[in-house]
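S.K.: Sequence below, structure please.
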Amino acid sequence: MVIQSNSNPPLYDHLGHLLSLSHPLETTTCNADGGGGGLEQECQLPLIDLSGLNSPDEKEKLACAAAICRASSEWGFFQVINHGISPELLKKMTKEQQLLFETSFETKTTCGLLDNSYRWGNPTAITPKQFSWCEAFHIPLTKISEESCYGDFTSLRIVMTEYAAAMSKLSRLLATILTENLSQKRGEINEICDESSCFLRLNHYPACPLSPEIFGLVPHTDSDFLTILHQDEVGGLQLMKDSRWVAVNPIQDALIVNIGDLFQAWSNDTYKSVEHKVMANGMMERYSIAYFLCPSYDTLIGSCREPSVYRKFTFGEFRKQVQEDVKKTGHKVGLPRFLQTE
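M.R.: Sure thing, here's the model as predicted:
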């Protein structure tokens with residue numbers, strides 16, 4: 001396939017228009033009090049070797065599971081190695097992803113690729129702080145194996161089907177460990193989560209010529225149970241830790257796992273859904289792939305213990321409220337909307 005020179009979306013035009021309507025661009029990184037300021041430090045996320053889960057030594061198994069639960073409580077993020085997904089599959093998926101994004105912008109927007117799920121920037125942004133310098137495909141797992149979604153990208157379908165199956169298996173393993181840590185009911189997560197609502201997001205962050213303070217992806221928390229991220233070596237991911245933004249250094253072939261809002265609500269705030277963002281890079285483009293473990297839209301999310309911090313809500317209700325808040329205010333409010341009133 002011939003690589004098009006006009007593959008990137010018109011991010012510059014859209015952001016430039018927002019800048020022309022606003023005051024000079026304010027610094028978008030945050031210091032401890034949430035105001036303007038540079039990045040304070042880099043961080044070493046908890047690094048967990050999942051081979052311990054397959055150890056014949058029961059103590060080693062329990063220690064590995066405990067490390068997963070501890071990181072989910074203290075950080076809301078952790079990295080895993082020896083996770084069972086081969087480096088070859090990760091490399092093949094990245095290669096196919098690059099070929100997909102290197103096709104022309106017109107093709108990506110008009111030919112119905114991947115369930116017509118292509119999006120870029122933020123069409124509802126009214127200020128530079130609401131704009132994401134990225135493009136992405138959001139693919140429901142229900143569409144992963146459908147030939148009609150892929151057009152000429154036949155090899156992408158083969159690799160993505162294998163990749164999605166591997167990520168689904170790993171996400172359910174981790175979610176099972178986390179639920180069984182707080183609940184005696186085995187297999188509960190497999191009853192709650194539904195592949196019809198799970199999806200992959202293929203991300204591409206073009207090099208940004210404007211400013212090092214431009215968001216690749218605006219600060220947010222994830223609205224799922226948990227997310228598994230495979231990123232390249234460029235970096236750019238930052239998370240909020242102890243009221244400061246810290247950068248996450250990529251580790252080759254490691255996967256990043258983070259807790260989503262639903263797990264925080266279900267765990268009654270034991271596990272933390274942490275705000276995170278991606279900063280654009282002035283010199284290099286960045287690729288990442290995220291797998292989102294979600295329940296069905298009518299699944300009722302309640303607490304695993306009482307008294308509950310949050311009132312019960314369905315996943316569909318939560319998603320609707322998030323979309324309404326973003327439309328009205330420009331940012332996600334999330335779990336605070338569902339706190340108990342008494």
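S.K.: how much space is there between residue 320 and residue 298?
M.R.: Distance, residue 320 to residue 298, using Cβ to Cβ, to the nearest Å: 12 Å. Bear in mind the C-beta positions are built from the backbone N, C-alpha and C, glycine included.
S.K.: typo on my end, it should be residue 102
M.R.: Per Cβ to Cβ, residue 102 is found 39 Å from residue 298.
S.K.: Between these two, tell me which one has more neighbours.
M.R.: residue 102 (16 against 11; other Cβ atoms under 10 Å).
S.K.: ok, that one to residue 121 distance?
M.R.: 18 Å.
S.K.: So residue 135 sits against residue 103, correct?
M.R.: No - between residue 135 and residue 103 there is no contact under Cβ atoms under 8 Å: 11.3 Å.
S.K.: what's downstream of the worst-scoring helix or strand of the chain on mean pLDDT, the next helix or strand?
M.R.: Lowest mean confidence among the helices and strands of the chain (mean pLDDT, DSSP states H and E): helix 188-192, at a mean of 75. Using DSSP states H and E, the helix or strand that directly follows helix 188-192 along the chain is strand 199-205.
S.K.: contacting residues around residue 223?
M.R.: Contacts for residue 223 (Cβ atoms under 8 Å, 6 or more residues apart in numbering) come out as 260, 261, 262, 318, 319, 322, 332, 334.
S.K.: from the residues you listed, which ones fall inside helices?
M.R.: Counting by DSSP state H, these place 261, 262, 318, 319, 322 in helices.
S.K.: so which of these is the most crowded?
M.R.: Of those, with other Cβ under 10 Å as the count, residue 262 tops at 26 neighbours.
S.K.: Return the distance of that one relative to residue 316.
M.R.: 12 Å.
S.K.: Would you double-check that residue 152 falls in a strand?
M.R.: No - remark: residue 152 does not belong to a strand; assigned using DSSP: H, G, I helix; E, B strand; the rest coil, it is coil.
S.K.: same for the least confident helix or strand of the chain, what does it pack against?
M.R.: Here helix 188-192 touches helix 154-182, going by 3 or more Cβ pairs under 8 Å, 6 or more residues apart in numbering; DSSP states H and E.
S.K.: Helix, strand, or coil at the nearest residue to residue 308 once chain neighbours are set aside?
M.R.: Once flanking residues are discounted, residue 308 sits nearest to residue 268: 6.1 Å by Cβ to Cβ, 6 or more residues apart in numbering. Here residue 268 is recorded as coil under three-state DSSP.
S.K.: How about the contacts made by residue 268?
M.R.: Residue 268 touches 303, 304, 305, 308, 309, 310, counting by Cβ under 8 Å, 6+ apart.
S.K.: any idea how far residue 171 is from the nearest residue to residue 312 once chain neighbours are set aside?
M.R.: Distances taken as Cβ to Cβ, 6+ apart place residue 302 nearest to residue 312, at 4.6 Å, with adjacent residues excluded. Residue 302 sits 21 Å away from residue 171, going by Cβ to Cβ.
S.K.: ok, these two, which is more surrounded?
M.R.: Between residue 302 and residue 171, counting by other Cβ under 10 Å, residue 171 is the more crowded of the two (23 against 15).
S.K.: I'd say that one and residue 224 touch.
M.R.: No - contact criterion Cβ under 8 Å: residue 171 and residue 224 do not qualify, at 9.4 Å.
S.K.: Please enumerate the shared neighbours of those two.
M.R.: With Cβ under 8 Å, 6+ apart as the test, residue 171 and residue 224 both reach residue 293.
S.K.: Okay, buried residues for stretch 150-168 please.
M.R.: Using 16 or more other Cβ atoms under 10 Å as the test for burial, stretch 150-168 gives 150, 153, 156, 157, 159, 160, 162, 163, 164, 166, 167, 168.
S.K.: In contact with the third one, which residues are there?
M.R.: In this case it means residue 156. 96, 97, 99, 100, 150.
S.K.: got it, and the last one?
M.R.: Residue 168 makes contacts with 141, 195, 198, 291, 293, as judged by Cβ under 8 Å, 6+ apart.
S.K.: do you know how far the first one is from residue 163?
M.R.: This points to residue 141. From residue 141 to residue 163 the distance is 11 Å (Cβ to Cβ).
S.K.: The nearest residue to residue 68 once chain neighbours are set aside - how many residues pack around it?
M.R.: Distances taken as Cβ to Cβ, 6+ apart put residue 177 closest to residue 68, at 5.4 Å, once the chain neighbours are dropped. If you count neighbours by other Cβ under 10 Å, residue 177 ends up with 19.
S.K.: doesn't residue 71 make contact with residue 177?
M.R.: No - applying Cβ under 8 Å as the test, residue 177 and residue 71 come out as separate, 11.3 Å apart.
S.K.: Enumerate every residue touching the closest residue to residue 135 other than its chain neighbours.
M.R.: Nearest residue to residue 135, sequence neighbours excluded (Cβ to Cβ, 6+ apart): residue 120, at 3.9 Å. Neighbouring residues of residue 120 by Cβ under 8 Å, 6+ apart: 9, 11, 134, 135, 136.
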